[in-house]
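Chemist: Generate coordinates for the sequence data below:
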Amino acid sequence: MPIRLDERLTAIAEQAAGVRTVCDVGSDHGKLACWLVQTGRAERAVATDISAPSLKKAERLAEELGLADLVETRTGDGLDPVADREADAVVIAGMGGDLVAGILERAHAQGKRFARFVLSPNTHPERVRGVVADVGHRIVRDFSAECAGKKYTVIVTEEGEGEPLSAAELRFGRFFRTDKDFVLSAEKELDALAAELARNPAALKLAERAAALREALEECER
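Modeler: Numbering: from 1, shown residues only. Below is the predicted model of the structure:
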């Protein structure tokens, strides 16, 4: 039975492909880990989740697909159940940015190193981008994946020293200046914000967001 991933998970999985061992943190149903092994994108996978009942779904799926020997499940918080260099690529997706950043920082403090991170925070991607350099990585891809009418941030990092990010890069992505999708989405959002501000001129957060978008668009034109 072939696994089907939605557009978001497909984009994330493609960035984690081509490795011997992948670790999916917060795996839940285990589809991503099993897909990577089933399609030959990874030789084996470690699926972790803080919830043992949730992880049972991943165990059942691996067994149903005949992948129980290649997809290992471990209960634990973040990367706590994973050893240093045990995985070549680590996926952390479907969590808030503060939680993702905390997992990276804690693993680094524990002396754990991994060659690649594929990170897709649901909120506060700037928080995630802000800790990448602190854990000895640099951002090599930073884009949005659209799924069911929503856009999801995907940040791919590799070991190595990177340049410090500007405030705009932290907020909108490492490569926003050359991202045509960013320009289109920013212009669309500015139109929506203008309509909202016309109804509520005192909405300071909306005004600040609009100002940041205008400044970023100006940088794109330079």
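Chemist: I believe residue 114 is in a helix; please confirm or correct that.
Modeler: No - counting by DSSP: H, G, I helix; E, B strand; the rest coil, residue 114 is not found in a helix; it is coil.
Chemist: which stretch of helix or strand covers residue 208?
Modeler: helix 204-221 (DSSP states H and E).
Chemist: Show residues contacting that helix.
Modeler: For helix 204-221, the surrounding residues in contact (CB atoms under 8 Å, 6 or more residues apart in numbering) are 168, 171-172, 176-178, 182-183, 186-187, 189-190, 193-194, 196-197, 200. Bear in mind the C-beta positions are built from the backbone N, C-alpha and C, glycine included.
Chemist: Which helix or strand lies directly C-terminal to the host helix or strand of residue 9?
Modeler: Per DSSP H and E: residue 9 is located in helix 7-16. Downstream of helix 7-16, the first helix or strand assigned by DSSP H and E is strand 19-25.
Chemist: Strand partners (parallel or antiparallel) of that following strand?
Modeler: Paired neighbours of strand 19-25 in the sheet (DSSP bridges): strand 42-49 (parallel), strand 89-93 (parallel).
Chemist: How far off centre is the shortest one?
Modeler: For strand 89-93, the distance from its own C-alpha centre to the chain's C-alpha centre is 7 Å (CA atoms, centre = their mean, to the nearest Å).
Chemist: And for the first one?
Modeler: Strand 42-49 has its average C-alpha position 16 Å from the chain's average C-alpha position, going by CA atoms, centre = their mean.
Chemist: quick one on the thing from earlier: pull out the buried positions in the helix holding residue 9.
Modeler: For helix 7-16, the neighbour count (16 or more other CB atoms under 10 Å) marks 8, 9, 11, 12, 13, 14, 15, 16 as buried.
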